[in-house]
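Student: Pasted the sequence and its predicted model underneath.
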Amino acid sequence: MSKPFSAWGYTGFPWTPFAGRRARFFESGEVRLAILSLLSEGPKHGYQLMKEMEERSGGMYRASAGSVYPTLQQLEDEGLVEAAVLGGRRTYSLTAAGRKELDNDPETVRRIWERAGQYEDWRGCMGPEAVVVYGPLIQLLKTGLQAAGRVGGKKEGADRIRTILERARRELEAL
């Protein structure tokens with residue numbers, strides 16, 4: 001996967017096309033791998049799985065019952081998980097076949113939870129208290145893009161813009 005604006009060190013907002021992927025959190029087949037991955041940590045019921053996916057994404061992704069329960073049923077039909085009623089709840093456990101399925105694609109599993117971590121990184125800046133800086137941030141973005149247009153791709157100009165923006169970032173991080 002390419003990283004847009006990599007010359008500037010920009011990796012994108014996790015929910016936008018700038019991040020190099022669709023706005024959907026899970027790509028095809030990833031919900032099942034995420035569920036298998038969570039079940040590899042121990043038995044869980046559907047609600048626990050939904051809550052863990054939400055927590056791991058910093059609340060930016062909320063799994064729906066309409067995606068989790070049909071996936072669990074499919075995984076059970078395929079023999080990858082088994083269900084048992086524990087404490088009045090239908091609880092799912094990973095089978096040996098489920099462990100094998102999970103072990104077949106460790107790279108995708110890693111990417112799923114890495115992406116979840118990126119979402120979690122954004123959690124703190126999406127609350128109502130952050131709204132007060134949206135206007136100035138938009139103005140800074142606009143001014144930075146206009147400056148980039150004025151320097152016309154010249155390395156010295158791009159380096160100067162990057163230096164200014166990095167200084168602002170460091171000062172904000174120090175608050």
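Tutor: Good, I have the coordinates. Residues are numbered from 1 along each chain as shown.
Student: Now for residue 105: which residues touch it?
Tutor: Residue 105 is in contact with residue 33, counting by C-beta atoms under 8 Å, 6 or more residues apart in numbering. C-betas here are computed from N, CA, C, even on glycine.
Student: per-residue confidence for it?
Tutor: Residue 105 is assigned 88 on the pLDDT scale.
Student: could you measure it against residue 37, distance?
Tutor: For residue 105, the distance to residue 37 (C-beta to C-beta, to the nearest Å) stands at 10 Å.
Student: do the same with residue 96
Tutor: In terms of C-beta to C-beta, residue 96 sits 16 Å off from residue 37.
Student: Please say which of those two ends up with more neighbours.
Tutor: residue 37 (19 against 9; other C-beta atoms under 10 Å).
Student: tell me the contacts of the more buried one?
Tutor: 102, 109, 112, 113.
Student: again, but for residue 52
Tutor: Neighbouring residues of residue 52 by C-beta under 8 Å, 6+ apart: 38, 44.
Student: Check which helix or strand it maps to.
Tutor: Using DSSP states H and E, residue 52 sits within helix 46-56.
Student: just checking, what packs against the next helix or strand after that helix?
Tutor: Heading C-terminal from helix 46-56, the first helix or strand you meet, by DSSP H and E, is helix 65-77. Counting contacts by 3 or more C-beta pairs under 8 Å, 6 or more residues apart in numbering; DSSP states H and E, helix 65-77 is packed against helix 30-39, helix 46-56, strand 81-86, strand 89-94.
Student: Now find how far off-centre helix 65-77 is within its chain.
Tutor: 21 Å (C-alpha atoms, centre = their mean, to the nearest Å).
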